[in-house]
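Student: Model the structure of this input:
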Amino acid sequence: MLDKQTGRNVRMVELDVKIGTADLYDYMLMHTYNSTAGIMGTAFGAVLILLALGTGRWPFIILGLILILYLPWTLLLRSRRQVLRNPSFQKPLHYVLDEEGITISQGEDSVQYPWTEVYKAVSTSRSIIVYTSKINATIFPKPQMEDKRTDVIAMISTHLPTEKVKIRN
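Tutor: Presented below is the predicted three-dimensional model:
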């Protein structure tokens, strides 16, 4: 496969990634705020704040702030707890992206996701996230990708349909 940006031939990309609290939190925020529940909760909180400002009923502002701030706070606590308690976050994950798909291994355990089973790929300012289902994803934190970011993006973009790739570099 020829990378359009660098002109290099890329057949396989390997990298090791250790998912930390900030990486998981970034994924949870993106996933939650792109869901109907996340959007509705934030919108309702904003409406309550506007209602409080318009009517002078200050309890509404408190309820609105609780609705807006509750979700990110609980996601932060959940991501911290999950990173501390889940053994798979204690050691780095080894990723291999090749013509077949994405292989993730850690110690003796290994799982492969063929490109045909990948749901979509998106990016945040912090990560590239490859969904292997509607709720499960592989997280590639950009700071840990170093010089392989372009190759990872090229590999994903080559093997997924354009409508499934929403990655900003």
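Student: Let me see the domain layout of the protein.
Tutor: As given by automatic domain parsing, the domain ranges for the chain are 13-18+91-166, 28-85.
Student: average pLDDT across the strand or helix carrying Ala37?
Tutor: Ala37 belongs to helix 36-55 when assigned by DSSP states H and E. Across helix 36-55, pLDDT averages out at 87.
Student: Name the residues of it that come out as buried.
Tutor: 38, 41-42, 45, 48-49, 52 (16 or more other CB atoms under 10 Å). For the C-beta atoms, the positions are set from N, CA and C on the backbone; glycine is no exception.
Student: which residue ranges form the strands in this protein?
Tutor: Taking DSSP state E as the criterion, the chain carries its strands at 13-17, 93-97, 101-106, 109-114, 120-123, 127-131, 137-141, 165-166.
Student: Could you save the buried residues of helix 36-55 as CSV and add columns showing distance to Leu77?
Tutor: Formatted as CSV, the buried residues of helix 36-55 follow (distance: CB to CB, whole Å):
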residue, distance to Leu77
Gly38, 16
Gly41, 17
Thr42, 18
Gly45, 19
Leu48, 23
Ile49, 23
Ala52, 27
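Student: Let me know the closest of those to Glu163.
Tutor: Checking the buried residues of helix 36-55 against Glu163 with CB to CB, the nearest one is Gly38 at 22.3 Å.
Student: Pass me the low-pLDDT residue ranges in the chain, would you?
Tutor: Along the chain, the parts satisfying pLDDT under 70 run over 1-10, 169.
Student: Centroid-nearest residue for it?
Tutor: Against the mean C-alpha coordinate of the chain, by CA atoms, centre = their mean, the closest residue is Tyr27 at 3.4 Å.
Student: Okay, angle between the longest helix seen in the chain and helix 36-55 too, please.
Tutor: For the chain, the longest helix by residue count, based on DSSP state H, is helix 58-85. With axes from the mean of the first three to the mean of the last three CA atoms, to 10 degrees applied, the angle from helix 58-85 to helix 36-55 works out at 150 degrees.
Student: Now do helix 58-85: which elements does it pack against?
Tutor: helix 21-33, helix 36-55 (3 or more CB pairs under 8 Å, 6 or more residues apart in numbering; DSSP states H and E).
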